[in-house]
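Visitor: need a structure here:
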Amino acid sequence: MSVSAPFPVAFNGPVDRFVVTMGNRIIVTTQNGGVFGHDINGNTVGPAFKFGGSNVAFNGPIDRFVVTMGNRIIVTTQDGGVFGHDINGNTVGPAFKFGGSNVAFNGPIDRFVVTMGNRIIVITKDGGVFGHDINGNTVGPPFAFGGSKVAFNGAFDRFVVTVGNRIMVITQDGGVFGHDINGTTVGPPFAFGGSKVAFNGAFDRFVVTTGNRIIVTTQDGGAWAHDINGTTVGPPFPMNFVLAHFTFAGDISAGNRQRTLDRHRFALTRIAACGNLSADERTKLHGAYDRAIHHTTLTTAGVNASATVGGSSLNVNFGVLFPQGDEEISQTLIHEMMHCAGFTHPKRRDAPAGSSCASPNPAVFDCPGDNGVYFGTPPLRAEFCIAGDQSDVRARLRDKAATESCVIDDDGVATLHTEASRQPLGAS
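Guide: Numbering: from 1, shown residues only. Model prediction:
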C-alpha cells in the first residue's frame with residue numbers, strides 16, 4: 001500500500017500524457033491512446049476505470065493539446081487540426097474532424113490551449129490571447145482578445161487553467177494570478193490571496209479544474225485540491241489519501257475519528273514540500289503512514305498524545321488536544337508519527353534560573369528554533385511543516401514552549417505533555 005496514492009491518478013510517468021476533467025470526473029489519456037477515468041465524490045477520488053470505445057491522442061507529438069468541452073474531448077494537432085470524441089457514459093465515441101479554422105498551429109509560439117464555455121482559447125509565448133468560438137462541429141475563425149497579456153513570463157508561468165469566466169495562471173513558486181474575461185477582453189492581472197498552488201517543481205505534474213476547485217496531481221499519483229472562494233485560494237487537501245488502513249478503538253466517536261483522519265491528511269499535504277525534513281526523513285515518515293496505525297484514547301491529565309518509538313499505535317487525549325484547534329492537532333499528530341517512524345529525542349532541558357529563551361544558549365538549555373539537541377530533532381522539526389512560514393511557526397512554538405514538552409520513557413513511549421502535567425517542564 002502507498003499512502004500517497006491509494007487511488008493513484010496519472011502515476012505512470014510519461015505513459016500518462018494528458019489529464020483533463022469533465023464534470024466530476026478526472027480523465028487520463030495515455031501515450032497509446034488509452035482513456036481512464038476517476039469519478040470524484042465530494043472530496044474523494046475514486047478508483048481508476050477504463051473507458052471503452054475509441055483511443056484518443058495516440059499519435060505521439062503530432063497530438064499536441066487535449067482539452068474538454070461539455071461531454072466532448074478535443075484534440076489539437078501540431079498542424080492545427082481539431083478532432084473530437086463525444087463521451088457517452090464510460091464510452092469514447094469515434095474520432096471526427098471539426099470543420100472550419102485550424103487552431104494552435106504555430107509550434108512553440110502557441111504555448112497553452114484551454115476552453116471556456118464554447119470557446120477554445122490559445123495563449124502565445126508573448127502573452128497574446130486568441131479565441132475560436134465552437135458552433136456544433138465547426139471551429140470559428142481566430143480573433144485576438146483585447147486587454148491584458150497572459151502568461152508571458154516564459155517558464156516561470158507554468159500552468160494555465162480556467163474557472164468560470166476567469167483565466168488563472170500558476171507560477172513556478174506557487175503564485176496564482178487571475179484575469180477576468182468580459183466578452184473578448186482580458187482584464188488586468190490580479191494576485192489571488194491564500195495558499196500557494198503546485199510549487200513542488202516537477203513533482204507537481206498536472207493542474208486541472210472542476211467547478212471552483214483546482215486539482216493538482218503529483219508524480220506519485222496524489223491528487224490535491226484547493227477550493228476557490230472569490231479571489232482566495234483555500235488550503236490544500238488530499239483527495240485520494242483515504243487512510244483506510246488506520247484503525248480506531250471502539251470508544252472513539254465517529255466525529256473524533258473523522259477529525260483525526262482529516263488532520264492526518266492535512267499533515268500529509270505538508271510533507272512533500274517541507275524543507276525542515278530531509279528526503280530520508282520524509283521517506284521514513286511516509287513509511288509510517290503506510291503502516292496500519294491503531295488509535296486509542298488517552299486520559300492522562302495534561303497529556304496531548306503519546307506513541308511508541310518505532311511502533312504502530314498512537315494514543316490521543318481528545319479532551320485535551322482537540323480544544324486546542326486543528327493546527328495544534330496536526331502538529332501533535334505529525335510529531336507522534338515521527339516517533340512511529342523510529343525517530344527519538346532527548347528530554348528537553350529548561351533554562352536555569354536567570355536565563356531565558358530571550359537569550360538562547362543551546363549548549364545549556366533548549367529553545368524553539370535553536371536547532372539544538374531537542375528542538376533540532378526530526379519530531380520537533382516536523383512540527384515546522386504544519387504552520388505557515390518560519391516566523392509564524394517560531395512564534396507559535398515559543399508560546400507552546402512554556403506549556404509543552406515531549407518525554408520518552410524507558411519503554412520507548414513518547415508522551416507529549418501540556419502545562420497541567422509539567423512538574424517542571426524538563427522533568428515531565
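Visitor: neighbours of Glu281, just the number please.
Guide: 19 (other C-beta atoms under 10 Å). The C-beta positions use only the backbone N, C-alpha and C, and glycine is treated the same way.
Visitor: which residues does it contact?
Guide: By C-beta atoms under 8 Å, 6 or more residues apart in numbering, Glu281 lies in contact with 338, 341, 343, 378, 381-382.
Visitor: and if you look at Gly53?
Guide: 35, 85, 91-94.
Visitor: For Val15, see how far away it is.
Guide: Separation of Gly53 from Val15 (C-beta to C-beta, to the nearest Å): 20 Å.
Visitor: Kindly report the same for Glu336.
Guide: Using C-beta to C-beta, Glu336 is found at 38 Å from Val15.
Visitor: okay, these two: which has more neighbours?
Guide: Higher neighbour count among Glu336 and Val15: Glu336, with 28 against 12, using other C-beta under 10 Å.
Visitor: so that one touches Val309, yeah?
Guide: No. The criterion here is C-beta atoms under 8 Å, and Glu336 misses it with Val309 at 10.1 Å.
Visitor: Could you tell me which of the contacts of Gly53 belong to strands?
Guide: Counting by DSSP state E, the part of the contacts of Gly53 found in strands is 35, 85, 91-92.
Visitor: So how do I select the buried members of those in ChimeraX?
Guide: The buried residues among those can be selected in ChimeraX (16 or more other C-beta atoms under 10 Å) with this line:
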select :35,85,92
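Visitor: Redo the ones in strands among the contacts of Gly53 as TSV? Include pLDDT.
Guide: TSV is the format used below for the ones in strands among the contacts of Gly53 (pLDDT from 0 to 100):
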residue	pLDDT
Val35	98
His85	98
Thr91	98
Val92	98
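Visitor: ok, the nearest residue to Ala198 once chain neighbours are set aside - contacts?
Guide: Once flanking residues are discounted, Ala198 sits nearest to Asp204: 4.0 Å by C-beta to C-beta, 6 or more residues apart in numbering. Listed by C-beta under 8 Å, 6+ apart, the contact partners of Asp204 are 198, 216-218.
Visitor: Distance from the longest helix belonging to the chain to the middle of the chain?
Guide: In the chain, with assignment by DSSP state H, the single longest helix is helix 254-271. Its chain's C-alpha centre and that of helix 254-271 lie 14 Å apart, by C-alpha atoms, centre = their mean, to the nearest Å.
Visitor: same deal with stretch 29-40?
Guide: That offset, for stretch 29-40, works out to 21 Å (C-alpha atoms, centre = their mean).
Visitor: Need the contact partners of it.
Guide: 7, 9, 12, 14-20, 24-28, 45-51, 53-58, 60, 66, 73, 90, 92, 210, 223, 239.
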